[in-house]
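Peer 1: sequence and predicted structure, then a few things I'm wondering about:
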Amino acid sequence: MLLSIESSCDDSSIALTEIETLRLVHHAKISQEAEHARYGGVVPELASRLHAVDLPRLLEGIRSHFCDISAVAVTNEPGLAVTLNEGVMMAKSFAIFQKLPLVPVHHLKGHIWSLFIEKPTRLPLLVILISGGHTMILRVEGLEAMEILATSMDDSVGESYDKVAKMMGLGYPGGPIVEALAREGDPERFDLPVPLRNSPLIAFSLSGLKNAVRLVVEKLGGAGAMSEQDRRDLAASFQKAIIAHLVQKSRKLFAAESIPDVALVGGASANLAIRGAFERLCGEFGKRLHTAPLEFCADNAAMIGRYGIDALAAGYGIDPSQIRVRPNRKLQSGMKL
């Protein structure tokens with residue numbers, strides 16, 4: 001079996017996957033949302049301390065399987081360096097002590113491979129990745145054959161939902177809260193701008209939309225003066241603009257790309273309104289949409305393990321003493337992931 005560890009942000013997670021059958025034997029996650037909610041967002045130092053407590057607890061829960069583990073995979077980029085380091089140090093120590101190969105995994109590749117948990121790998125794919133830290137479209141043809149076709153110029157989808165929730169005096173994380181309010185709101189009440197609507201650029205930008213929401217909140221007298229209906233309608237109007245932006249830019253790439261299979265992955269892909277919009281867009285172009293189960297959209301070790309199995313088979317396992325946390329890099333169109 002392969003042991004996988006994920007600690008890139010505020011979720012501690014460990015999984016066990018059978019290498020030959022792809023069966024997920026064990027998956028456990030401890031969320032830090034309640035601890036970070038009081039601060040309105042993730043506090044890196046607090047997240048690191050919580051990982052230091054939670055990861056050993058999760059590892060202890062699979063002690064009976066230690067003798068069955070033949071390889072280890074761990075997220076080593078991108079993410080918060082202080083939290084990544086907690087997972088990497090645990091994986092490194094375990095692999096060295098047990099004399100096992102170690103597979104470093106790029107977190108975003110893990111999100112793509114969340115599609116294949118307990119399933120065979122199916123490539124090529126045109127991937128729309130929307131998460132707390134990234135918004136991009138990629139052409140994925142293999143483990144190391146991934147080209148970024150479009151990316152965000154500023155805020156990611158998940159980050160924008162969190163910031164808008166904070167502006168409206170809502171809780172953290174903001175995505176599920178704003179999505180729930182939007183279901184009951186009037187998306188036509190507030191005329192929010194669709195970013196880059198008239199621009200030929202195939203890119204994403206949400207800072208202007210986020211500022212437009214701020215101006216509406218101020219016009220309504222601030223978060224404290226907003227009625228519940230105000231919040232519902234603003235959430236619906238904001239979500240409508242986000243979806244219009246994502247679909248408009250994706251449509252241009254759909255027309256240019258012949259790949260028939262499209263995937264929507266990342267934490268924000270759990271948003272059912274966004275899923276519905278991409279189902280309709282895929283239908284328009286005769287493409288097939290693939291999504292991960294809702295429980296595996298957010299950060300998790302199962303997706304890290306699933307990529308790790310394919311990477312191990314391709315010979316990407318390394319001496320555990322050589323692994324390190326890699327610094328975040330700015331991802332741009334045309335780059336290889």
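Peer 2: Ah, there it is. Residues are numbered from 1 along each chain as shown.
Peer 1: okay, now residue 98: neighbour count?
Peer 2: A count of nearby residues for residue 98, using other CB atoms under 10 Å, gives 15. The way it works is simple: take the backbone N, C-alpha and C, and place the C-beta from them, glycine included.
Peer 1: which ones are touching residue 302?
Peer 2: Residue 302 is in contact with 4, 13, 15, 17, 24, 27, 114, 117, 296, counting by CB atoms under 8 Å, 6 or more residues apart in numbering.
Peer 1: let's see 7 Å
Peer 2: 15, 24, 27, 117, 296 (CB atoms under 7 Å, 6 or more residues apart in numbering).
Peer 1: let me know the closest of those to residue 48.
Peer 2: Using CB to CB, residue 15 is the member of the contacts of residue 302 that lies nearest residue 48, at 20.9 Å.
Peer 1: excluding chain neighbours, what is closest to the closest one?
Peer 2: Sequence neighbours aside, residue 301 is the residue nearest to residue 15 in space, at 3.8 Å (criterion: CB to CB, 6 or more residues apart in numbering).
Peer 1: could you do residue 148 as well?
Peer 2: residue 335 (5.0 Å).
Peer 1: burial count for the one you found?
Peer 2: 14.
Peer 1: tell me which residues are up against the worst-scoring helix or strand of the chain on mean pLDDT.
Peer 2: The weakest-scoring helix or strand in the chain, judged by mean pLDDT, DSSP states H and E, is helix 33-37 (a mean of 92). Residues from elsewhere that reach helix 33-37 (CB under 7 Å, 6+ apart): 10, 42-43, 46, 50, 171-173.
Peer 1: tell me which two of the residues you listed sit farthest apart.
Peer 2: It's 50 and 171 that sit farthest apart of the contacts of helix 33-37, by CB to CB, at 18.5 Å.
Peer 1: who has more neighbours, those two?
Peer 2: residue 50 (22 against 14).
Peer 1: in which helix or strand does the more buried one reside?
Peer 2: helix 44-60 (DSSP states H and E).
Peer 1: kindly export that helix (C-alpha atoms) in PDB.
Peer 2: Extracted in PDB, the C-alpha atoms of helix 44-60 (Å, rounded to 0.1, in the frame of the first residue of the first chain):
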ATOM      1  CA  PRO A  44      -0.100  30.100   8.900                       C
ATOM      2  CA  GLU A  45       1.700  29.800  12.200                       C
ATOM      3  CA  LEU A  46      -1.500  28.500  13.900                       C
ATOM      4  CA  ALA A  47      -2.000  26.000  11.000                       C
ATOM      5  CA  SER A  48       1.500  24.700  11.400                       C
ATOM      6  CA  ARG A  49       1.000  24.100  15.100                       C
ATOM      7  CA  LEU A  50      -2.200  22.300  14.500                       C
ATOM      8  CA  HIS A  51      -0.700  20.100  11.800                       C
ATOM      9  CA  ALA A  52       2.100  19.200  14.300                       C
ATOM     10  CA  VAL A  53      -0.600  17.900  16.700                       C
ATOM     11  CA  ASP A  54      -3.100  16.400  14.200                       C
ATOM     12  CA  LEU A  55      -0.800  14.600  11.700                       C
ATOM     13  CA  PRO A  56       0.700  12.300  14.400                       C
ATOM     14  CA  ARG A  57      -2.800  11.500  15.600                       C
ATOM     15  CA  LEU A  58      -3.900  10.500  12.100                       C
ATOM     16  CA  LEU A  59      -0.800   8.400  11.600                       C
ATOM     17  CA  GLU A  60      -1.400   6.600  14.900                       C
END
